[in-house]
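Participant: Give me a 3D structure for the following:
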Amino acid sequence: MNFPTVIVLASGRGTRFSASGGGTHKLQTLLAGKSVLQHTLDCVIASGLPWYLEQSGEPGMGDSIAAAVRATAQSPGWLILPADLPLIQSRTLRSVARALGEHEVVVPVYQEWRGHPVGFSAVCGAELQKLRGDQGAASVARRHEAVELRVNDLGCVTDIDTLDDLRLAERLLGGAAD
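Facilitator: The predicted structure follows:
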C-alpha cells in the first residue's frame, strides 16, 4: 500500500507567540527539554509514514501547502500537519492515513473540535498546488466530501500559539495528556 505523505508546515512566522511574550520562535521553544518542532517530528517519524518538512519561508500557509504538495507530487495523498502540534499522537496520523484510502478528505475530530492533520487524497492535488496566501486548505476540504474521523487525541487540537498554550502543553506532557 502506498501511504500519504505527512507535510509538516514549519514556515510560519509565529507572530502571536512573540506577541504573547515568547523570546524565541515558537517552533524552537523548548518543551520538556526539546523543541516544539522536534516533538512534532518525533511523532511523525514514529508513525512510519513518509514525511516532508516545509520550511522554505513561503509567505502564507496556502503558499507553504502548495510548495510542499508540488515537492511531493507523486504521493497518493497528503496529511497537512502544522508543526506547532507537539502533542499529536502517531496513531492519529496512521488513522487519518488509513481513512484517506477510502475518502477524498479526512478531518480528525477530538470531542467536538476539528483538528489536524487534515488528510487529502491525490484527487485534491491540483487544487492544493494552487493555494496562495494566508488561507490554508479549508477551501479544498469544502469542495470535497470531508469525512470526520473521531479520535481520542487531545494533541490534534493542542497547538502552540502563545506562552499560555506552551504552559498547557507542559502540563499535559506532565501526565494529564490523552
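Participant: so how many other residues sit close to residue 160?
Facilitator: Residue 160 has 29 neighbouring residues, counting by other C-beta atoms under 10 Å. In this view, the C-beta of every residue, glycine as well, is placed from N, C-alpha and C.
Participant: May I have the phi/psi pair for the nearest residue to it once chain neighbours are set aside?
Facilitator: Spatial nearest neighbour of residue 160, excluding adjacent residues (C-beta to C-beta, 6 or more residues apart in numbering): residue 84 at 4.5 Å. The main-chain torsion angles of residue 84 are listed as degrees, to the nearest 10 and equal phi -100, psi 30.
Participant: who are the neighbours in contact with residue 84?
Facilitator: With C-beta atoms under 8 Å, 6 or more residues apart in numbering as the criterion, the residues that contact residue 84 are 12, 14, 26, 27, 36, 40, 159, 160, 161.
Participant: Check what pLDDT it gets.
Facilitator: As summarised for this prediction, residue 84 has a pLDDT of 96.
Participant: show me the contacts for the residue nearest the centre of the chain.
Facilitator: When the chain is reduced to its mean C-alpha position, the nearest residue by C-alpha atoms, centre = their mean turns out to be residue 81, at 1.3 Å. By C-beta under 8 Å, 6+ apart, the contact set of residue 81 is 6, 7, 8, 9, 40, 44, 88, 93, 116, 117.
Participant: Please report the distance of it from residue 174.
Facilitator: 23 Å (C-beta to C-beta, to the nearest Å).
Participant: again, but for residue 148
Facilitator: The span separating residue 148 from residue 174 equals 30 Å under the rule C-beta to C-beta.
Participant: Then residue 69?
Facilitator: The separation that residue 69 has from residue 174, given C-beta to C-beta, amounts to 36 Å.
Participant: So between those two, which is more surrounded?
Facilitator: Under the neighbour definition other C-beta under 10 Å, residue 69 and residue 174 were set side by side, and residue 69 has more, 26 against 9.
Participant: just checking, that one touches residue 128?
Facilitator: Yes - taking contacts as C-beta atoms under 8 Å, residue 69 lies within contact range of residue 128: 4.4 Å.
Participant: Which neighbours do those two have in common?
Facilitator: Jointly contacting residue 69 and residue 128 under the rule C-beta under 8 Å, 6+ apart are residue 78.
Participant: Show the contacting residues for the residue of the chain positioned farthest from its centre.
Facilitator: With distances taken from the mean C-alpha point of the chain and given as C-alpha atoms, centre = their mean, the most distant residue is residue 21, at 23.8 Å. If a contact means C-beta under 8 Å, 6+ apart, then residue 21 has residue 163 as its contacts.
Participant: try 10 Å
Facilitator: 162, 163, 164 (C-beta atoms under 10 Å, 6 or more residues apart in numbering).
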